[in-house]
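Novice: structure for the following, please:
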Amino acid sequence: MKLPEKKITKIAIFRALQLGDLLCSIPAIRSVRFTFPEAKVILIGLPGAVPFSKRFSHYFDDIMIFPGYPGLPEQSFDSCKFEEFLLKIRQENFDLILQMQGNGSIVNNLIQSFNAKCTAGFCQDIRQENELFKLYPDYGHELSRHLSLMEYIGIPPAGNEMEFPVNDQDEESLKKLKLKIKPEKYICIHPGSRGVWRQWPTVYFAAMADYCIDNGYEIVITGTKEELKLAKEVASYMKYKPIISSGKTDLGSLGLLIKQSFALIANCTGVSHIAAALQTPSIIISMDGEPERWAPVNKELHHTIDWTVITDYDFVLEKLKLLLSNNKSRTASTICQVSGNGNSL
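Specialist: Sure thing, here's the model as predicted:
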């Protein structure tokens, strides 16, 4: 191992990004935890990552809220809060800080100022590459990029499976919504995404939703409170009335809602990674032209359409038909097996 294993008892992971980015880094973070089981591991993240860090408390002991930095678009920069943050993080005396934000062009110098005993991560320039800083691989899936970093610095992998834990509290939260749905008898439609340019047209989501209802499924439109208007826009184009849960769910109840659904139809955003982690079949529309980086890895379970290449609604509809027909085939096979077992008694 390139890292001084016995001397590392306090680790910070710098990843001040959104839900999907965080979920894709979990396999790498899991390898950190398995390699340093007794270490204190702290996530340096955005304010919205607090529920995420608590959900993954088996990997994170705490979270430090990052106040933003010039050049990072995820949040506005607050100079006063930044000075407070910088003082606090220097006082933490981290043994290791892992830079998992990207190629390091903006944050590597920043992280050096945190005064950790050791730093490691990605770098942009081959002249900066050394045994603890790997030249950023601008190719491949986000998940594999970070696993490659772990292997490069000597942290052995602990599997490449994604995770999204759900618990009893999530069950209670979902029950309180009284959505009147049965597991696997509904399909989630998630029309939102943080960037408007990454949102598939609502009229297409509406048409997909109507087709699902024509084939015997309820439709639940999911999203944040800020995306409620978008959900209502989808509903306005539909000939049937969907169930709208936008703004009603927290992270856990949304995850459970996706887990218990038959499938998810969504933009390539955080929920697509939740579906991948929970092995819920999905149809994902990639509007940013990077499906090789962000699409769910399991191509049999998840159908990802690169809308920058194929702008054909009928092509997407065919993927939905295939998904629904596969389910009918599985159901018919199960009935035949049960019937066969009964006749043999």
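
Novice: T9 versus the closest residue to F164 other than its chain neighbours, what's the distance?
Specialist: In space, and not counting its chain neighbours, F164 is closest to A277: 3.8 Å by CB to CB, 6 or more residues apart in numbering. Backbone N, C-alpha and C define where each C-beta goes, glycine included. Applying CB to CB, to the nearest Å, the value for A277 to T9 is 29 Å.

Novice: can you tell me what sits against stretch 118-129?
Specialist: The contact list for stretch 118-129 (CB atoms under 8 Å, 6 or more residues apart in numbering) reads 3-4, 8, 14, 95-105, 108, 111-112, 132-136, 149, 153.

Novice: show me where the chain has helices.
Specialist: With DSSP state H, the ranges of helices along the chain come out as 19-35, 50-55, 79-92, 107-112, 142-152, 168-176, 202-214, 228-237, 251-260, 270-278, 291-294, 313-343.

Novice: so which of those gets nearest D306?
Specialist: Nearest to D306 among these is helix 291-294; the distance by CB to CB comes to 4.9 Å.

Novice: now that closest one: buried residues?
Specialist: Under the neighbour-count criterion of 16 or more other CB atoms under 10 Å, helix 291-294 has 291, 293-294 buried.

Novice: nearest to Y59, of those residues?
Specialist: Comparing those against Y59 with CB to CB picks out W294 as the nearest, at 21.5 Å.

Novice: I figured that closest one hits S286, correct?
Specialist: Yes - at 6.9 Å, W294 and S286 qualify as touching, with contact defined as CB atoms under 8 Å.

Novice: what residue ranges in the stretch 201-345 of the chain score low on pLDDT?
Specialist: Residue ranges of the stretch 201-345 of the chain with pLDDT under 70: 327-345.

Novice: domain map for the chain?
Specialist: Using automatic domain parsing, the domain parsing of the chain gives 5-152, 171-336.

Novice: could you dump those domains into a markdown table with distance to M162 added?
Specialist: Below are the domains of the chain laid out as a markdown table (distance: least, CB to CB, whole Å):
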| stretch | distance to M162 |
| --- | --- |
| domain 5-152 | 6 |
| domain 171-336 | 4 |
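
Novice: of the ones you listed, which is nearest E161?
Specialist: Among the domains of the chain, the nearest to E161 by CB to CB is domain 5-152 (6.6 Å).

Novice: how many neighbours does the nearest residue to M100 once chain neighbours are set aside have?
Specialist: Take M100 and drop its neighbours on the chain: the residue closest to it by CB to CB, 6+ apart is R15, 4.6 Å away. Using other CB atoms under 10 Å, R15 is surrounded by 24 other residues.

Novice: list the contacts of R15.
Specialist: Listed by CB under 8 Å, 6+ apart, the contact set of R15 reads 21-22, 25, 43-45, 100-101.

Novice: could you dump the residues you listed into CSV with pLDDT, distance to Y59 and neighbour count added?
Specialist: As requested, the contacts of R15 are exported to CSV (pLDDT from 0 to 100; distance: CB to CB, whole Å; neighbours: other CB atoms under 10 Å):
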residue, pLDDT, distance to Y59, neighbour count
D21, 96, 15, 22
L22, 98, 11, 24
S25, 98, 10, 24
L43, 98, 9, 28
I44, 98, 14, 24
G45, 97, 13, 24
M100, 96, 13, 27
Q101, 94, 18, 25
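
Novice: out of the residues you listed, which comes closest to F85?
Specialist: Closest to F85, out of all of the contacts of R15 and judged by CB to CB, is I44, at 8.9 Å.

Novice: how near is that closest one to C212?
Specialist: Taking CB to CB, one finds I44 at 41 Å from C212.

Novice: confidence score at V196?
Specialist: At V196, the model reports a pLDDT of 91.

Novice: if you could redo that for P165, that was the one I meant.
Specialist: 97.

Novice: which ones are touching the nearest residue to it once chain neighbours are set aside?
Specialist: Computed as CB to CB, 6+ apart, the closest residue to P165 that is not its neighbour in sequence is R55, at 5.9 Å. R55 makes contact with 164-165, 251-252 under the criterion CB under 8 Å, 6+ apart.

Novice: around the residue nearest to F164, how many other residues sit close by?
Specialist: 20.

Novice: what do you get for P37?
Specialist: Using other CB under 10 Å, P37 has 8 neighbouring residues.

Novice: and if you look at the one 4 residues further on?
Specialist: Close neighbours of V41, defined as other CB under 10 Å, add up to 21.

Novice: run through the bridge partners of it.
Specialist: I11 (DSSP bridges).

Novice: okay, it and S31: tell me how far apart.
Specialist: On the measure of CB to CB, V41 and S31 end up 12 Å apart.

Novice: same thing with V166?
Specialist: To S31, V166 is 23 Å away according to CB to CB.

Novice: what's the answer for P67, then?
Specialist: 28 Å.

Novice: do the same with E233
Specialist: Distance from E233 to S31, by CB to CB: 42 Å.

Novice: of these two, which one has the most company?
Specialist: Ranked by neighbour count (other CB under 10 Å), E233 and S31 place S31 first, with 21 against 17.

Novice: residue contacts, G68?
Specialist: 74-78, 81-82.

Novice: give me the buried positions along stretch 220-234.
Specialist: Neighbour-count burial for stretch 220-234 [16+ other CB under 10 Å]: 220-223, 227-228, 230-231, 233-234.

Novice: ok, now stretch 23-36?
Specialist: If you call a residue buried by 16+ other CB under 10 Å, then stretch 23-36 has these buried ones: 23-33, 35-36.
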